[in-house]
Structures are given as C-alpha cells and as structure tokens.
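1. This is a predicted model, with the sequence first.
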Amino acid sequence: FLHLHDFKKQAAFSSWLYRLATNHCLNYIKSKAYSESSGMQHPSETLIHEDPTSKIDVHHLLQKLPLEDRTILAMKFMGEYTYEEISAICEISLSAAKMRVSRLITKLREEVNT
C-alpha cells in the first residue's frame, strides 16, 4: 500500500483501487520488461496456431475489446492475478471472473479463426 496516502476519498475506495490496478496492468503491458525478462510465452501467442501463413495482428484484436475486458485479460495473463483477485478488484463474483476470462478467450479465438 505504497500509495494509500494518495487516496483522497472523492470516490469509493474500491473504485480507486480498481483504477490503481488497471493503471498498473496497462503500464505492465506497455513495458518491454515482460517480453524481454519472461521465459513465458505471451498469452496472445497461444491464441494462434504456429501457421506462418495466418499472421494475424492479435494486438489489433485486443485493442478492439473494451478497456475493462482488456484489463481483465491483462490481470489474468500479464499480471498473473488469481481469479479471486480479479473478482475482488472488479467487484464481481469468482464464477463471473472465471466466466469472463473464458468468454474473452473464446471470443478472441473466434476472431482469429474467421
């Protein structure tokens, strides 16, 4: 809670915390530290089969998603948040968090395959 002193009580604490988490995730996505320092495969790479003839701009597909959906995917795959953490930050149930991630992955796969 390094920035707890920045909370100005102009909005609900949960909204402030959600915004803080959102900004953290978006900054993480923008940084090159993830791709350079991590041995993990980028989540968007798992959506596409290794077919060089079907190069698809997954980044473009992600940008078409609403910010909240992109944030949820970023929290799960880039920030490695648990479903419990995602549900708390987004103020949704645990099952809703799992379902949203699952539906977003399905939606992206369908976009890739069309």
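-> All right, it came through fine. Numbering: from 1, shown residues only.

2. where along this protein do the helices fall?
-> Using DSSP state H, the helices of the chain run over 13-30, 33-37, 58-64, 67-73, 83-90, 94-112.

3. Rebuild these as CSV, extending it with mean pLDDT and mean neighbour count.
-> C-beta: built from backbone N, CA, C; applies to glycine. Output for the helices of the chain, formatted as CSV (pLDDT from 0 to 100; neighbours: other CB atoms under 10 Å):
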stretch, mean pLDDT, mean neighbour count
helix 13-30, 67, 15
helix 33-37, 48, 10
helix 58-64, 78, 13
helix 67-73, 87, 18
helix 83-90, 87, 18
helix 94-112, 91, 15
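
4. Leu61 touches Arg109, doesn't it?
-> No. Using CB atoms under 8 Å, Leu61 makes no contact with Arg109, being 10.0 Å away.

5. Now do the shared contacts for the two.
-> Shared contacts of Leu61 and Arg109 (CB atoms under 8 Å, 6 or more residues apart in numbering): none.

6. can you pull the contacts of Lys98?
-> Contacts of Lys98 by CB under 8 Å, 6+ apart are Tyr83.

7. separation between it and Phe77?
-> Distance of Lys98 to Phe77, given as CB to CB, to the nearest Å: 14 Å.

8. Repeat that for Glu84.
-> The separation that Glu84 has from Phe77, given CB to CB, amounts to 16 Å.

9. One more: Pro66?
-> 17 Å.

10. Looking at the two, which one has more neighbours?
-> A count of neighbours by other CB atoms under 10 Å puts Phe77 above the other of Pro66 and Phe77, at 18 against 8.
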